[in-house]
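> quick one, structure for this:
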Amino acid sequence: MSRISLIILVGFVSTVGMAQTPFDQPPSWAEDVIWYQIFVERFHNGDKKNDPKAADISSPSINRIAPEGWSTTPWTKSWYEQEPWAAKSGLSFNEAVQYRRYGGDLQGVLDKLDYLQDLGITALYLNPINHAPSLHKFDASSYHHVDANFGPDPKSDLAIMAAENPLDPSTWKWTAADKLFLKLVQEVHRRNMKIIMDFSWNHTGTRFWAWEDILKNQEKSPYKDWYAITSFDNPATPKNEFSYAGWAGTMSLPEIRKVNITTKRKSGLPYEGDIDANVKKHVYDATRRWLAPKGVITDGVDGFRLDVADEVGMVFWRDYRKFVRSIQPEAYLVGEIWWQQYPDKLMNPVTYVKGDVFDGVMFYQIYRPSRYFFAKTGGSIDAKAFRDSMQFQLKRLSPATQRAMMKVSASHDAPRLLSCFYNPNKYKFKSTPSDDPAYKTGRPDEETYLRLRLYLVSLFTGIGAPQIWNGEEMGMWGADDPHCRKPLWWQGMKFDPEARNNFQPGITEVDAVGFNAEQFQWYKKLIQMRRNEPVLVRGNLDFLVTEGKKLAYSRSDGQREIIVLLNVEGTRQEFKLPRQGNYVDLLTNKMFNVTRMWLDPYSAVVLKKL
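Numbering: from 1, shown residues only. Here you go, the predicted structure:
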């Protein structure tokens, strides 16, 4: 037997003798996890020697060049204070902030695994780490390499990439950054945690190797059919006629060409179609590389989060699931489907989670009504409307899919929870100070903290796998993108006071910022509660009280029962329990033997029947 065959055999032996997940079902592990979403560049700087240089973050073909004098930004600098290079550039705050880098890297993630394990996290979802010039890295320069500045040796990594034939996987090498990521995967698995990567198969960046060849060779490029190009340059004219489709009109994100479209294609709705066959093969090659490095699935990632999934046709997604599951039968696929019509109508997830595409979606469809119930906002709903919304969303999904959904509340694309709860705006509408000068960007009031903690009780006691956007547990606040992407407030760091919106005239309020130990302990308590009580994962959910802003429900499985009481009223309220018995409140460990309970304003109990 050859060495390569032996490696492949060893990689797949982990599934022998084990009951594999049926193709049309989510992996069983997906319902048990506590997700933690990491935006690597803003998570933690574990290796200052690999911090990016100006050339690393520039994209000359679209005239996106780092300003003169550019340098990385100190981690603890006030968010709204411009750097010297930014002030000299003449760029607005919103323009300059896109050039900011703080030096977060994979070593920083490795350094904080103990912290995450102490918090109780069991699964990591990493925003894109593929090689790319932008902060967000959805503008991939390479699908099959980790960003060189996330690893220990950027200069050597760039040389390795340049020596490859990116179309031929047999020439692909493992860079230092790639190897560090595989070390992270192994360390995560050693701790009995899961890890998934984030990719967009809808577009690349303008420094992607195939796109750069097109820019150089135009119609003569062998990759001319990879992208949605509308016209090539005519060298006989002084004008540059080259034009193409960018995702949502964003020219830094050229779209991959869609083919074999047989139904109407409209953003926010599923459609039947595929992507160019050559691109598809390359996507498969990159996918295989991360699922089974050197043929070993136990060393690979546990699945993928797939960006702007509605922009890619269902033919591709069905084929992609088959391909992924053929390599790793326990892989988890979660799609981003969000707006059918912004800002009023969210997409229907059903088509995507019937068993032939994804195992779950980012379940914003649950968060939005939750926010309107728990937060003090315009469009507030009562407990009955909340119940109806939850039942509507859950009943159109199978029980297994309900439990496997990633219950996203905040993310890289949405305001942080504290700011989202503090502002009355419609969900994710005019939720930055540049869109709404009255948007409150500083420390929320105490009522907001109380309301958010009630929502978190519902998040961790409800159906579906809870997700935490990195830094939420630290008590961070921030408006929508880019303000939700501040560097994390690690304990022990001393941050500059944050002037609220100091790039807007007349606003001078200043907040002290830093790690909120009380908020951290609340998250930790709820996480441990969910992990210790299987009925909160797999039990039935039944609503008991839905009156005004009073909400009660039970989670039960025939043997165990937990009753959750939530008082979202500003006054003390009485709750009647379904039966008298001995209970312990899992939030305080207090014992009760009652049929009625009075709850203070904005408070909750989670009663376990003894």
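> so, low pLDDT: which residues of the protein?
Within the chain, the stretches with pLDDT under 70 are 1-19, 502-507.
> mind doing that once more with 90?
Applying pLDDT under 90 to the chain flags residues 1-20, 378, 437, 499-509, 579, 581.
> what about the longest strand in it?
strand 573-585 (DSSP state E).
> mind listing what's buried in the helix or strand following that one?
Once strand 573-585 ends, the next helix or strand along the chain (criterion: DSSP states H and E) is strand 591-599. Buried residues in strand 591-599, counting neighbours by 16 or more other C-beta atoms under 10 Å, are found at 592, 597, 599. Where C-beta positions appear, they are placed from N, C-alpha and C, glycine not excepted.
> quick one: end-to-end distance for stretch 508-520.
Terminal residues of stretch 508-520 are spaced 29 Å apart (C-alpha to C-alpha, to the nearest Å).
> assign a three-state SS to the spatially most distant residue from the centre of the chain, would you?
Computed with C-alpha atoms, centre = their mean, the maximum C-alpha offset from the centroid of the chain is found at Ala236, amounting to 46.6 Å. Of the three states, Ala236 takes coil under DSSP: H, G, I helix; E, B strand; the rest coil.
> number the residues from 316 up from this point.
Sure, I'll start numbering at 316, so the last one becomes Ala551.
> might you report the residue contacts of it?
By C-beta atoms under 8 Å, 6 or more residues apart in numbering, no residues touch Ala551.
> how close does Leu922 sit to Pro849?
17 Å (C-beta to C-beta, to the nearest Å).
> ok, Val355 next?
Applying C-beta to C-beta to Val355 and Pro849 gives a distance of 32 Å.
> same check on Glu876?
Distance from Glu876 to Pro849, by C-beta to C-beta: 12 Å.
> who has more neighbours, those two?
Each of Glu876 and Pro849 has its neighbours counted (other C-beta atoms under 10 Å); Glu876 has more, 20 against 13.
> how about that one: what's its closest non-neighbour residue?
Among residues not flanking Glu876 along the chain, Lys924 sits closest, at 4.5 Å (C-beta to C-beta, 6 or more residues apart in numbering).
> so how far is Leu902 from the one you found?
15 Å.
> all strands of the stretch 766-915 of the chain, in order?
Under the criterion DSSP state E, counting those that start in this stretch, the stretch 766-915 of the chain contains strands at 780-784, 813-814, 825-826, 855-862, 865-871, 876-882, 888-900, 906-914.
> mind putting these into CSV with distance to Lys392?
CSV is the format used below for the strands of the stretch 766-915 of the chain (distance: least, C-beta to C-beta, whole Å):
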stretch, distance to Lys392
strand 780-784, 21
strand 813-814, 10
strand 825-826, 14
strand 855-862, 45
strand 865-871, 42
strand 876-882, 39
strand 888-900, 42
strand 906-914, 42
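> out of the ones you listed, which comes closest to Lys363?
Lys363 lies closest to strand 813-814 among these, at 23.4 Å (C-beta to C-beta).
> who touches that closest one?
Contacts for strand 813-814 (C-beta under 8 Å, 6+ apart): 393-396, 757, 822-828.
> mind listing what Ser724 touches?
Counted by C-beta under 8 Å, 6+ apart, Ser724 has contacts 682, 685, 732, 770, 774, 782, 784, 787.
> cutoff 7 Å now
682, 732, 774, 782 (C-beta atoms under 7 Å, 6 or more residues apart in numbering).
> Asn740 now?
746, 751, 754.
> doesn't the first one fall inside a strand?
Pointing back at Ser746 there. No - counting by three-state DSSP, Ser746 is not part of a strand but coil.
> burial of it, as a residue count?
For Ser746, using other C-beta under 10 Å, the count is 22.
> is it true that it touches Asp796?
No - assessed by C-beta atoms under 7 Å, Ser746 is found out of contact with Asp796, at 9.2 Å.
> the strands in the stretch 616-765 of the chain, which residues?
618-621, 647-650, 654-656, 660-661, 675-676, 721-722.
> what packs against the fourth one?
Yep, that's strand 660-661 we're talking about. Other helices and strands packing on strand 660-661, by 3 or more C-beta pairs under 7 Å, 6 or more residues apart in numbering; DSSP states H and E, are helix 679-689.
> same thing with the second one?
In this structure, strand 647-650 packs against strand 618-621, strand 675-676, with contacts taken as 3+ C-beta pairs under 7 Å, 6+ apart.
> make TSV out of those and add distance to His504 and mean neighbour count.
Below are the helices and strands packed on strand 647-650 laid out as TSV (distance: least, C-beta to C-beta, whole Å; neighbours: other C-beta atoms under 10 Å):
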stretch	distance to His504	mean neighbour count
strand 618-621	13	26
strand 675-676	21	28
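> turn those strands into TSV, including distance to Leu497.
Compiled in TSV, the helices and strands packed on strand 647-650 are given as follows (distance: least, C-beta to C-beta, whole Å):
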stretch	distance to Leu497
strand 618-621	16
strand 675-676	25
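> hang on, the earlier thing: out of the buried residues of strand 906-914, which is nearest to Lys669?
Using C-beta to C-beta, Leu914 comes nearest to Lys669 of the buried residues of strand 906-914, at 40.3 Å.
> quickly list what the closest one is bridged to.
Beta-bridge partners recorded for Leu914 (DSSP bridges): Gln888.
> spit out the contact partners of it.
Contacts of Leu914 (C-beta under 7 Å, 6+ apart): 880, 882, 887-888, 890, 920.
> let's go with 8 Å and repeat that
Here Leu914 is in contact with 880, 882, 887-890, 920 (C-beta under 8 Å, 6+ apart).
> ranking those residues by neighbours, who comes first?
Of those, with other C-beta under 10 Å as the count, Asn882 tops at 25 neighbours.
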